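A.B. asks: Turn this into a structure:
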Amino acid sequence: MPAAQADPSAPATPAKRQVLRVTVLAGGPSAERAVSLESGRAVAEALRRRGHQVYVADIGPDRLAALDQPADVVFPALHGTFGEDGAVQRLMEQRGLRFVGSDSRASALAMDKVAAKSVVAAEGMDTPRFEVWDAATLGVRQAPALPLPVIVKPVDQGSSVATTVVRDAAAFLPAVCQTLDAFRRALVEEFIVGDEITVGIVGHEALPPICVRPKRPFYDYAAKYEDGATEYLFDAGHPAELLQRAQHLSRRVFDRLGCRHLARVDWMADRDGRLWFLEINTLPGFTSHSLVPKAAAKIGLPFDELVERLVRMAGPEAK
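C.D. replies: Predicted coordinates for the structure are as follows:
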């Protein structure tokens, strides 16, 4: 009787898996540097536990030596400017490096909230009404066309950096000026009352949605990384149909923007069950508060295996 033939499409067993040289990029120059350092540490520790050779490096526009380190794959645990906006991805592409996460084009598109919202709206999905303010706008206008309250935030930052809910007309211009001083453009967005729903994507699989309920007035930087009272709920009383719709729409956004490997898509679910697209993060966090690892664990994918899966998606074994 002939010996059974191995199925070439079957996943390799752990004993047969190749040990990889992985460069983990952490830190960077953005306002989200502290979060990135924490994400990088967690990713590196997970990869070492899986038996890989790991090199961790800080990086910035004037510190690129890490990209010259011999590696089978690079894991950019970076957030914000330079790390998530396509800049470091473009440098890695120019060097022919394999790396986790979206390519430079998709990264840049997703990081620009205005561009991403425009693409999503063109696909027929809902997104809160918005205006873009810059220094020139301040010369001709003193108030938004949108009714208060509004959200004021940078166009191209994450982690709710410099994000403010403006409920009083007197607070509007100071909020806009503060954002412009640091980030050049301000997104002024309609405030949607409801629950924030976030959906992680790994590969092309939408993970279980998480409802985020902060104890603060909204889900700001402190609520994300400093306040242990924020609730992350898989069962928040929303209908199963709404959660399934959030997963379906998140996959559509992921594919339409050309993303790969992973992302997190954020929505507001209003009191009528309508979903409003807020943004997509192509390099979501890997900290103790981070939502993609929480959602992956919900389906039986522990943190170390999640990191391993992402590295394999990008590594030399990937098709």
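A.B. asks: Could I get the full set of helices for this protein?
C.D. replies: Assigned by DSSP state H, the chain shows helices spanning 33-49, 87-94, 104-111, 113-122, 135-138, 172-183, 221-225, 240-256, 291-298, 303-314.
A.B. asks: Include mean pLDDT when you put those into JSON lines, please.
C.D. replies: Below are the helices of the chain laid out as JSON lines (pLDDT from 0 to 100):
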{"stretch": "helix 33-49", "mean pLDDT": "95"}
{"stretch": "helix 87-94", "mean pLDDT": "97"}
{"stretch": "helix 104-111", "mean pLDDT": "97"}
{"stretch": "helix 113-122", "mean pLDDT": "96"}
{"stretch": "helix 135-138", "mean pLDDT": "93"}
{"stretch": "helix 172-183", "mean pLDDT": "92"}
{"stretch": "helix 221-225", "mean pLDDT": "51"}
{"stretch": "helix 240-256", "mean pLDDT": "98"}
{"stretch": "helix 291-298", "mean pLDDT": "96"}
{"stretch": "helix 303-314", "mean pLDDT": "97"}
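A.B. asks: Can you add mean neighbour count and distance to Gly194 and give those helices back as TSV?
C.D. replies: Every C-beta, even on glycine, is put in place using the N, C-alpha and C of the backbone. As requested, these are exported to TSV (neighbours: other C-beta atoms under 10 Å; distance: least, C-beta to C-beta, whole Å):
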stretch	mean neighbour count	distance to Gly194
helix 33-49	21	26
helix 87-94	19	33
helix 104-111	22	23
helix 113-122	18	17
helix 135-138	12	28
helix 172-183	17	22
helix 221-225	18	16
helix 240-256	17	11
helix 291-298	20	17
helix 303-314	20	29
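A.B. asks: any chance of those in CSV, with distance to Asp62 too?
C.D. replies: Formatted as CSV, the helices of the chain follow (distance: least, C-beta to C-beta, whole Å):
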stretch, distance to Asp62
helix 33-49, 15
helix 87-94, 12
helix 104-111, 19
helix 113-122, 27
helix 135-138, 27
helix 172-183, 20
helix 221-225, 26
helix 240-256, 33
helix 291-298, 30
helix 303-314, 26
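A.B. asks: just so I know, which of those helices lies nearest Tyr232?
C.D. replies: Nearest to Tyr232 among these is helix 291-298; the distance by C-beta to C-beta comes to 6.0 Å.
A.B. asks: How about residues contacting the closest one?
C.D. replies: For helix 291-298, contacts defined as C-beta atoms under 8 Å, 6 or more residues apart in numbering pick out 198-200, 202, 207-210, 212, 232, 234, 262, 264, 284-286, 302-303, 306.
A.B. asks: Let's see that with 10 Å instead.
C.D. replies: With contact meaning C-beta atoms under 10 Å, 6 or more residues apart in numbering, helix 291-298 is reached by 39, 42, 46, 198-202, 205-210, 212, 224, 232, 234, 262-264, 266, 281, 284-288, 301-303, 305-307, 309-310.
A.B. asks: from those, which ones fall inside strands?
C.D. replies: Among the contacts of helix 291-298, the residues falling in strands (DSSP state E) are 198-202, 205-206, 210, 212, 232, 262-264, 266, 281.
A.B. asks: Give the ChimeraX command for selecting the buried subset of the contacts of helix 291-298.
C.D. replies: Of the contacts of helix 291-298, the buried ones go into a single ChimeraX selection, burial set by 16 or more other C-beta atoms under 10 Å:
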select :39,42,46,198,199,200,201,202,206,207,208,209,210,212,224,232,262,263,264,266,281,284,285,286,287,301,303,306,307,309,310
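A.B. asks: Looking at Lys16 now. What's its pLDDT?
C.D. replies: Looking at Lys16, its pLDDT reads 58.
A.B. asks: can you check Thr81 too?
C.D. replies: On pLDDT, Thr81 comes in at 88.
A.B. asks: quick one: contacts for it?
C.D. replies: Going by C-beta under 10 Å, 6+ apart, Thr81 touches 28-33, 60-61, 87, 111, 154, 156-158, 161, 183.
A.B. asks: List buried residues within those.
C.D. replies: Buried, going by 16+ other C-beta under 10 Å: 28-33, 60, 87, 111, 154, 156-158, 161, 183, out of those.
A.B. asks: Go through these and name the one with the lowest pLDDT.
C.D. replies: By pLDDT, Gly158 ranks lowest within these, coming in at 60.
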